[in-house]
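Trainee: A structural model of the following input is requested.
(one chain, ligands or ions: 1)
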Amino acid sequence: MSGEGGGGPHGGGEAPRGGSAGNGGPGARRRRIVAGNWKMHLLGAAAAAYCAELRRGLAAADGSALTPASPDPGAGVQVVLFPSFPLIPAVVRDLAGSEVEVGGQDLHPAERGAHTGDVSAPQLADAGCRWALCGHSERRRDHGESDELIARKLAAAARHGLTPVLCVGETREQREAGETFAVLERQLRTGLASHPAAAGAAVALAAGTAAALVVVAYEPVWAIGTGLTASPETAQEAHDFLRRGICSATGVAAGGVTLLYGGSVTPANAAGLIAQPDVDGFLVGGASLDPGQFLAIIACSG
Ligand code: 13P
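Mentor: Here you go, the predicted structure:
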């Protein structure tokens with residue numbers, strides 16, 4: 001595990017790149033992140049073998065692909081894995097000393113209590129996590145998570161030093177009904193409402209720090225696990241909209257906020273997506289289960 005300060009989004013201070021709302025200036029770029037969401041896959045032995053292969057692959061790759069190797073805080077790719085809860089301690093141990101960070105796929109908004117089957121932010125942090133997914137569409141679908149509940153989860157993560165990754169995205173029906181932007185606006189605005197970077201608190205935070213406190217992942221539901229990827233243009237349109245929305249919802253200079261795309265990302269389509277000015281990395285599901293594919297996506301995201 002790395003992350004003792006300045007390297008990743010936890011360290012703050014990233015400079016913006018590219019095209020839209022809240023831009024800081026040309027030349028510098030936002031932190032890029034490639035995250036693997038293992039969902040409910042892998043047993044212990046397979047996870048251990050995966051971590052060993054990922055470490056070998058990252059070590060063999062140009063060191064500049066990793067965050068601390070470069071003096072430019074905007075250079076390199078922060079790699080994050082989201083294993084299921086029982087695997088977290090072993091994955092943290094197996095990745096110790098690498099630059100790969102680990103996160104939880106979900107959390108309960110309370111710090112402790114009678115919540116059978118749930119996991120709290122302090123427990124995730126105690127297990128070595130630095131990140132937490134909030135509001136993944138599979139949680140919204142399988143567990144009926146509301147935007148309000150997701151907002152409380154996001155705030156709990158932030159309170160305990162975990163960088164929340166707020167997942168948003170429209171269903172196929174919503175896209176076909178022309179509701180995409182209304183859905184994204186609602187999920188974003190409500191999801192971020194309690195975040196410390198939201199308007200008011202933002203004034204107490206340096207702009208770079210506030211921007212580093214949250215990552216937003218655009219995951220169109222129709223693209224998840226379907227093999228249907230958003231075209232680079234469709235992803236860019238949504239990311240541009242989200243960046244403007246983050247700025248107005250939180251007061252944060254959204255030019256510094258990393259925006260991830262998720263939904264059937266593969267080594268074949270990653271390069272076209274990352275070339276878009278507001279696509280700063282990926283939240284990868286299926287392809288992240290194969291270390292070779294995941295490494296190839298990391299390699300083309302730097
Ligand atoms: P797939 O890459 O399998 O489509 O999953 C995307 C996702 O849900 C990541 O969180």
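
Trainee: Distance from stretch 112-121 to the middle of the chain?
Mentor: On the basis of CA atoms, centre = their mean, to the nearest Å, stretch 112-121 sits 23 Å off its chain's mean C-alpha point.

Trainee: my bad, stretch 149-157
Mentor: Distance, stretch centre to chain centre, for stretch 149-157: 15 Å (CA atoms, centre = their mean).

Trainee: Stretch 142-159 too?
Mentor: Centroid separation for stretch 142-159 versus its chain: 15 Å, with CA atoms, centre = their mean.

Trainee: Now it: buried residues?
Mentor: Under the neighbour-count criterion of 16 or more other CB atoms under 10 Å, stretch 142-159 has 145, 147, 149-158 buried. For every residue, glycine as well, the C-beta is placed using N, CA and C.

Trainee: okay, and for the stretch 201-302 of the chain, where does confidence drop off?
Mentor: Applying pLDDT under 70 to the stretch 201-302 of the chain flags the ranges 201-212.

Trainee: 90 instead?
Mentor: 201-214, 247-256, 302 (pLDDT under 90).

Trainee: And the helices in it?
Mentor: 207-212, 232-250, 267-274, 291-299 (DSSP state H, counting those that start in this stretch).

Trainee: right, so those helices: which one is the most enclosed?
Mentor: Comparing the helices of the stretch 201-302 of the chain by mean neighbour count (mean count of other CB atoms under 10 Å), helix 207-212 ranks first with a mean of 23.

Trainee: Can you report how many residues lie near whichever residue of the stretch 51-200 of the chain sits closest to the ligand?
Mentor: Distances between the stretch 51-200 of the chain and the ligand by CB to the nearest ligand atom are smallest at residue 136, namely 5.8 Å. Per other CB atoms under 10 Å, the neighbour tally for residue 136 reads 28.

Trainee: ok, now which ones touch it?
Mentor: By CB atoms under 8 Å, 6 or more residues apart in numbering, residue 136 lies in contact with 37, 105-106, 167, 219.

Trainee: Out of those, name the two that are farthest from one another.
Mentor: Comparing every pair within the contacts of residue 136 by CB to CB identifies 106 and 219 as the most remote, at 14.6 Å.

Trainee: that older thread, just the contacts of residue 136 that are near the ligand?
Mentor: By CB under 6 Å from any ligand atom, the members of these lying near the ligand are 37, 219.

Trainee: interface residues of the stretch 151-300 of the chain facing the ligand?
Mentor: So the stretch 151-300 of the chain meets the ligand at 219, 224-225, 262-265, 283-287 (CB under 6 Å from any ligand atom).

Trainee: out of the residues you listed, who's nearest the ligand?
Mentor: Set against the ligand, the nearest of those by CB to the nearest ligand atom is residue 285 (2.2 Å).

Trainee: Test my guess that the closest one contacts residue 227.
Mentor: No. The criterion here is CB atoms under 8 Å, and residue 285 misses it with residue 227 at 11.4 Å.

Trainee: list residues touching both of the two?
Mentor: Counting by CB under 8 Å, 6+ apart, the residues touching both residue 285 and residue 227 are residue 264.

Trainee: So between the two, which is more surrounded?
Mentor: residue 285 (22 against 9).

Trainee: what residues are up against the more buried one?
Mentor: 37, 39, 224-225, 262, 264-265.

Trainee: So which of the residues you listed belong to strands?
Mentor: residue 37 (DSSP state E).

Trainee: Show the buried residues in the contacts of residue 285.
Mentor: Buried members of the contacts of residue 285, counted by 16+ other CB under 10 Å: 37, 39, 224, 262, 264-265.

Trainee: rewinding a little: just send the contacts of residue 136 back as a markdown table, with distance to residue 97 too.
Mentor: Shown next, in a markdown table, are these (distance: CB to CB, whole Å):
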| residue | distance to residue 97 |
| --- | --- |
| 37 | 23 |
| 105 | 24 |
| 106 | 27 |
| 167 | 29 |
| 219 | 31 |
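
Trainee: Next step: the contacts of residue 136 restricted to strands.
Mentor: Of the contacts of residue 136, the ones assigned to strands by DSSP E are 37, 167.

Trainee: And the contacts of residue 136, which is closest to residue 117?
Mentor: Closest to residue 117, out of all of these and judged by CB to CB, is residue 106, at 10.5 Å.
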